[in-house]
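Student: Structure for this input, please:
(one chain, ligands or ions: 1)
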Amino acid sequence: MKPHNFSIEFFPPKTEEGTEKLRLTRTKLAELNPKYFSVTFGAGGTTQQGTLDTVVEIRKEGFDAAPHLSCVGGTRDSIRQILQTYKDHDIHRLVALRGDLPSGYGMGGEFRYANELVEFIRAETGDWFHIEVAAYPEMHPQAKSPQDDLQNFVRKIQAGANAAITQYFYNADAYFQFVENAQKAGVNVPIVAGIMPITNSSQLMRFSEMCGAEIPRWVRLKLASYGDDSASIKAFGLDVVTQMCERLLAGGAPGLHFYSLNQAAATTAIWKRLV
Ligand SMILES: Cc1cc2nc3c(=O)[nH]c(=O)nc-3n(C[C@H](O)[C@H](O)[C@H](O)COP(=O)(O)OP(=O)(O)OC[C@H]3O[C@@H](n4cnc5c(N)ncnc54)[C@H](O)[C@@H]3O)c2cc1C
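Tutor: Predicted coordinates for the structure are as follows:
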């Protein structure tokens, strides 16, 4: 089953070579006809220009694109300026986040949490933007408890978010439980499942450690057993992630958002297998 609501995430390239590579990746992924592409935003504004440039380029190619906007370290003035720039470029879609500054930087800035950012965007720009926020089926790593995290998620929706995209996960039950609990708490916006293809086990372990996504034991053991055999890792990853996507869609997930890491092959392979 192919989802109607299908989006693909990039990060803004830092070099000319990376920019060229992303253009090629995009040409391939455009064939899948996603609803939109999104482009991450380095916390503290580190990729502000790169995010904008990438979004503008995608839009020139005729695709919708959403910049992410993280508020940590930002001030009302700096965020207001960014919102105005997005409006000037006729951008109507945003992914609104708190972001994480590198350890040792503290939080800084005038926003503490993403709900404050969403509130600010609505107060400043009304309904101009379609706003998506982050959701954590396996709990955000800094949250006090799953219940607390859910309440904080609800705050972002109440502040005016139109939809949510989840952190990636490999346990569909965690997603279904989260959606059910969110709905019981009054949330009725789409909660799109974030999907991370599996292509490289050490990178996956590192990312998952940082963001709190659990790799099921059996998946970890299988990946470890393949050692450096990249072809087997990719083939296994493709099976595991495709089967999970099928389950998510059959169980009512309103869409899929692929963390592409600026690579086309894995997202394309999963997409083609979803019939
Ligand atoms: C789809 C998606 C896209 C992402 N894109 C980016 C990106 O482009 N750039 C980037 O830097 N990072 C990005 N991230 C990572 C994200 O910034 C981190 O996960 C960050 O730690 C939390 O951001 P948030 O918006 O979910 O924060 P919040 O919703 O503010 O939550 C952060 C923590 O604070 C708690 N909390 C929230 N509100 C309150 C409150 N009012 N009172 C008390 N506690 C509260 C929550 O329970 C949680 O533990 C993305 C994550 C996802 C899932």
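
Student: Get me the contact residues on the stretch 1-150 of the chain for the ligand.
Tutor: 40-41, 43, 68, 70, 95, 97-100, 113-115, 134, 140, 142-143, 148-149 (CB under 6 Å from any ligand atom). From N, CA and C alone the C-beta is placed, and that goes for glycine too.

Student: and if we set it to 8 Å?
Tutor: Residues of the stretch 1-150 of the chain lying close to the ligand by CB under 8 Å from any ligand atom are 9, 11, 38-43, 51, 68-70, 72, 95-100, 112-117, 132-136, 139-144, 148-149.

Student: Check those for burial and list the buried ones.
Tutor: The neighbour-count criterion (16 or more other CB atoms under 10 Å) marks 9, 11, 38-43, 51, 68-70, 72, 95-100, 113-117, 132-136, 139-140, 143, 149 among these as buried.

Student: Return the subset of the residues you listed lying in strands.
Tutor: Judged by DSSP state E, the subset of these located in strands is 9, 38-39, 68-70, 95-97, 132-135.

Student: hmm, which two among the residues you listed are most spread apart?
Tutor: The two members of those with the most space between them (CB to CB) are 39 and 135, at 19.4 Å.

Student: Residue 1 reaches residue 251, doesn't it?
Tutor: No - the pair residue 1 and residue 251 does not pass the contact test of CB atoms under 8 Å, sitting 10.7 Å apart.

Student: what about the two, which has more around it?
Tutor: residue 251 (13 against 9; other CB atoms under 10 Å).

Student: Report the separation between that one and residue 179.
Tutor: When CB to CB, to the nearest Å is the yardstick, residue 251 and residue 179 sit 9 Å from each other.

Student: what do you get for residue 145?
Tutor: Using CB to CB, we find residue 145 at a distance of 18 Å from residue 179.

Student: Dump the C-alpha coordinates for the helix or strand bottoming out on mean pLDDT in the chain into CSV.
Tutor: None of the helices or strands of the chain scores lower by mean pLDDT, DSSP states H and E than helix 201-211, at a mean of 93. What follows is helix 201-211, C-alpha atoms only, in CSV (Å, rounded to 0.1, in the frame of the first residue of the first chain):
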residue,chain,number,x,y,z
SER,A,201,24.8,-0.4,11.2
SER,A,202,27.4,1.6,13.1
GLN,A,203,25.8,4.9,11.9
LEU,A,204,22.4,3.6,12.9
MET,A,205,23.6,2.6,16.4
ARG,A,206,25.2,6.1,16.9
PHE,A,207,22.2,8.0,15.8
SER,A,208,19.8,5.9,17.8
GLU,A,209,21.9,6.3,21.0
MET,A,210,21.6,10.0,20.6
CYS,A,211,17.9,10.3,19.8
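
Student: what's the spacing between it and its chain's center?
Tutor: Averaging C-alpha coordinates over helix 201-211 and over its chain gives two centres that are 16 Å apart (CA atoms, centre = their mean, to the nearest Å).

Student: Do a quick rundown of the helices in the stretch 151-275 of the chain.
Tutor: Secondary structure of the stretch 151-275 of the chain by DSSP state H, counting those that start in this stretch: the helices cover 172-184, 201-211, 217-225, 230-250, 265-273.

Student: residue contacts, residue 174?
Tutor: 137, 138, 214 (CB atoms under 8 Å, 6 or more residues apart in numbering).
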